[in-house]
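S.K.: Coordinates for the following, if possible.
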Amino acid sequence: MDRMPAASGYRGLSLWLDTVPGTLEPGAPLPGDRDVDVAIAGAGFTGLWTAYYLSRADPGLRIAICEKEIAGFGASGRNGGWCSALFPASLAKLDRMAGRPRAIAMYRAMEQTVDEVGLAAAAESIDCHFAKGGTVGLARSPAQLDRAAAEVREARAFGFGEDDLRLLTAGEARRVAGASGVLGGTFTPHCAAIHPARLARGLAETLRRRGVALFERTPVLDIRPGRLVTATGTVRAPYVIRATEGYTPRLPGLRRAIAPVYSLMIATAPLPDAAWDEIGLAGRPTFGDLRHLIIYGQRTADGRLAFGGRGAPYHLGSAVRPAFDRVPAVFAALRRTLAELFPALATARFTHAWGGPIGVPRDWCASVGLDRATGLGWAGGYVGDGVSTTNLAGRTLADLITGADTDITRLPWVDHRSPSWEPEPLRWLGVNAGLQVMSWADRQEARTGRPSRAAVVVGRFLGG
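M.R.: Numbers count the residues shown, from 1 in each chain. Just a heads-up that it's a prediction; the model follows:
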């Protein structure tokens, strides 16, 4: 059994949890059996937003959340802080799944969700350092520049204009982010940089004020129609919501539903003004480049650079353990990549390094839904794009539970069912081989400037 950290230990989980105001002392656990209207497993963003919008829609609802550790313990307190309009399935894929109008509606809903997060935080006086500076995607090789142009062409084909995504010249891209070797890039205004733990902890306090019962250090052992089963009692409810994301495989019968893939991050100490003069990122746009093995970063409100990326291995049997949060070789690679991007950081001091699992469905398409026959609902599979998508999920679940017929309940991800992952060891072999091929493809493209065919093939296997 995993050891639960002391309250002080929670601050060591990420830069965000280390710098969040207030206490991280866990709230009381579930004291025994309880009857409510809606029971939620997981106090990450999905569970918190669901409870928030339900409490707004019907303040009389009895809502209970059971969380293994503390609110914001998982990806919600450890992510890159991109509140973006990114959705893991492309427009073309959604078109194949549900048709062009619904694909466009999904992406428009994601754009609106970025603003909704900011509005909700402001309404509840949650200072999550929300700064809507957009996202710059840097192209640093001819192959990456080709992908940038292809992204813009696809956006245009679906009716998204310059105000949604535009191609940048080398000079325009460097004016946003002073990175090395930039040939061009893309820019979208539909993203805000945030302090995610401030948002998660602020939402938890808001819910307590609204009368939502939040039971921390209450691991959910099983989810069944009409009940959440924990070690200290059973929560009975007509509606039971699974909001467990990367921790889903720990639940009975769900071992192959989600692959928990680790994403790791590092953060500098606050940087001097001279460094920021060289790096740029004025207005706090988030940034990455168009390599296959994703990287992502932001300039924090207190003047740090927080930077992360994939590269940590997937662990056999969908294992999730505290020891997997830290991989020294990946942290070293992230520091090298960051110094390559921004030479001003070659001698920077790094104060934090952390990681955690994200939830990846087999078809790389997030989903939300409610089975009215059983009362079981779910949301997840965000593939690392969950900071804003969870908000849309929470609003959708609230509408589905209360019976509201709205535009968002008709989006193509509603009631989508991803196929199960392959059994082990095929899952372990496939995911880790995919990670290795993508890393190799990035190195090959950097050398040759030509797009990698191997990456295209692996992308199809991974759900593209």
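S.K.: M110: what's it in contact with?
M.R.: 84-87, 190, 388-389, 392 (C-beta atoms under 8 Å, 6 or more residues apart in numbering). Backbone N, C-alpha and C define where each C-beta goes, glycine included.
S.K.: okay, it: pLDDT?
M.R.: Predicted confidence (pLDDT) for M110: 98.
S.K.: What helix or strand is it located in?
M.R.: Applying DSSP states H and E as the criterion places M110 in helix 100-123.
S.K.: Tell me the one of the contacts of M110 nearest G202?
M.R.: Among the contacts of M110, S388 lies closest to G202 (C-beta to C-beta), at 15.9 Å.
S.K.: which secondary structure elements does whichever strand or helix holds the closest one contact?
M.R.: Element membership for S388, per DSSP H and E: helix 386-402. Contacts defined by 3 or more C-beta pairs under 8 Å, 6 or more residues apart in numbering; DSSP states H and E place helix 386-402 against helix 45-57, strand 82-84, helix 100-123, strand 367-371, strand 376-380.
S.K.: so what does the helix or strand that it is followed by touch, helix or strand wise?
M.R.: Going down the chain from helix 386-402, the next helix or strand is helix 426-448, by DSSP H and E. If you count contacts as 3+ C-beta pairs under 8 Å, 6+ apart, helix 426-448 packs onto helix 142-157, strand 259-268, helix 453-461.
S.K.: Mean neighbour count and mean pLDDT added to these, as JSON lines?
M.R.: As requested, the helices and strands packed on helix 426-448 are exported to JSON lines (neighbours: other C-beta atoms under 10 Å; pLDDT from 0 to 100):
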{"stretch": "helix 142-157", "mean neighbour count": "17", "mean pLDDT": "96"}
{"stretch": "strand 259-268", "mean neighbour count": "23", "mean pLDDT": "97"}
{"stretch": "helix 453-461", "mean neighbour count": "15", "mean pLDDT": "65"}
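S.K.: Using CSV, lay out these together with distance to W413.
M.R.: Listed next are these as CSV, based on distance: least, C-beta to C-beta, whole Å:
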stretch, distance to W413
helix 142-157, 19
strand 259-268, 18
helix 453-461, 20
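S.K.: which stretch among those comes nearest I40?
M.R.: Of all the helices and strands packed on helix 426-448, strand 259-268 sits nearest to I40, with 19.8 Å by C-beta to C-beta.
S.K.: orientation of the closest one relative to helix 426-448 in degrees?
M.R.: Angle of strand 259-268 versus helix 426-448, following axes from the mean of the first three to the mean of the last three C-alpha atoms, to 10 degrees, is 40 degrees.
S.K.: Can you dump the C-alpha atoms of strand 259-268 in CSV for me?
M.R.: Taking Å, rounded to 0.1, in the frame of the first residue of the first chain, the C-alpha atoms of strand 259-268 are listed here in CSV:
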residue,chain,number,x,y,z
ALA,A,259,-3.0,4.1,-19.6
PRO,A,260,-1.3,6.3,-16.9
VAL,A,261,1.7,7.9,-18.8
TYR,A,262,4.0,10.1,-16.8
SER,A,263,4.8,13.7,-17.6
LEU,A,264,7.6,15.5,-15.7
MET,A,265,8.5,19.1,-15.0
ILE,A,266,11.2,21.4,-13.7
ALA,A,267,11.1,25.0,-12.6
THR,A,268,13.8,27.7,-12.2
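S.K.: Give me the sheet partners of it and which way each runs.
M.R.: Sheet pairing of strand 259-268 (DSSP bridges) gives strand 305-309 (antiparallel), strand 350-360 (antiparallel).
S.K.: Mean neighbour count, those strands: which tops it?
M.R.: Highest mean neighbour count of the strands paired with strand 259-268: strand 305-309, a mean of 25 (counted as mean count of other C-beta atoms under 10 Å).
S.K.: just checking, next helix/strand downstream of that one?
M.R.: As assigned by DSSP H and E, the chain's next helix or strand after strand 305-309 is helix 328-341.
S.K.: how about the helix holding M110: buried residues?
M.R.: 102-111, 113-118, 120-121 (16 or more other C-beta atoms under 10 Å).
S.K.: Can you list the neighbours in contact with the helix or strand that it is followed by?
M.R.: Once the chain leaves helix 100-123, the next helix or strand it forms, by DSSP H and E, is strand 135-139. For strand 135-139, the external contacting residues (C-beta under 8 Å, 6+ apart) are 82, 84, 144-145, 147-148, 151, 168, 173, 176-177, 179, 182-188, 190-191, 285-290, 341.
S.K.: Only C-alpha atoms, please: export strand 135-139 in PDB.
M.R.: Only the C-alpha atoms of strand 135-139 are listed here, as PDB (Å, rounded to 0.1, in the frame of the first residue of the first chain):
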ATOM      1  CA  THR A 135       0.200  30.000 -27.000                       C
ATOM      2  CA  VAL A 136       3.200  30.100 -29.300                       C
ATOM      3  CA  GLY A 137       4.200  26.900 -31.000                       C
ATOM      4  CA  LEU A 138       7.800  27.300 -32.200                       C
ATOM      5  CA  ALA A 139       9.000  25.700 -35.400                       C
END
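S.K.: pLDDT on that strand, on average?
M.R.: For strand 135-139, mean pLDDT rounds to 98.
S.K.: Okay, now the sheet partners of it, with direction.
M.R.: By DSSP bridges, strand 135-139 pairs with strand 184-188 (antiparallel), strand 286-289 (parallel).
S.K.: among the ones you listed, which is the most enclosed?
M.R.: A comparison of the strands paired with strand 135-139 by mean neighbour count, using mean count of other C-beta under 10 Å, puts strand 286-289 on top with a mean of 26.
S.K.: Which SSE is immediately downstream of that strand?
M.R.: That would be, after strand 286-289 and using DSSP H and E, strand 295-299.
S.K.: what's that next one packed up against?
M.R.: Counting contacts by 3+ C-beta pairs under 8 Å, 6+ apart, strand 295-299 is packed against strand 286-289, strand 305-309, helix 328-341.
S.K.: Save the ones you listed as JSON lines, and put in mean pLDDT and distance to L138 too.
M.R.: Converted to JSON lines, the helices and strands packed on strand 295-299 look like this (pLDDT from 0 to 100; distance: least, C-beta to C-beta, whole Å):
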{"stretch": "strand 286-289", "mean pLDDT": "97", "distance to L138": "4"}
{"stretch": "strand 305-309", "mean pLDDT": "97", "distance to L138": "13"}
{"stretch": "helix 328-341", "mean pLDDT": "96", "distance to L138": "8"}
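S.K.: What is the neighbour count of P322?
M.R.: When neighbours are defined as other C-beta atoms under 10 Å, P322 has 13 of them.
S.K.: Sorry, slip of the keys, the one I care about is G178.
M.R.: By other C-beta under 10 Å, the residues close to G178 number 18.
S.K.: And D405, by the same measure?
M.R.: Applying other C-beta under 10 Å, we find 8 other residues in the vicinity of D405.
S.K.: Quick one: residues contacting it.
M.R.: With contact set as C-beta under 8 Å, 6+ apart, D405 has these partners: D399.
S.K.: what do you get if the cut-off is 7 Å, keeping everything else the same?
M.R.: Residues near D405 by C-beta atoms under 7 Å, 6 or more residues apart in numbering: none.
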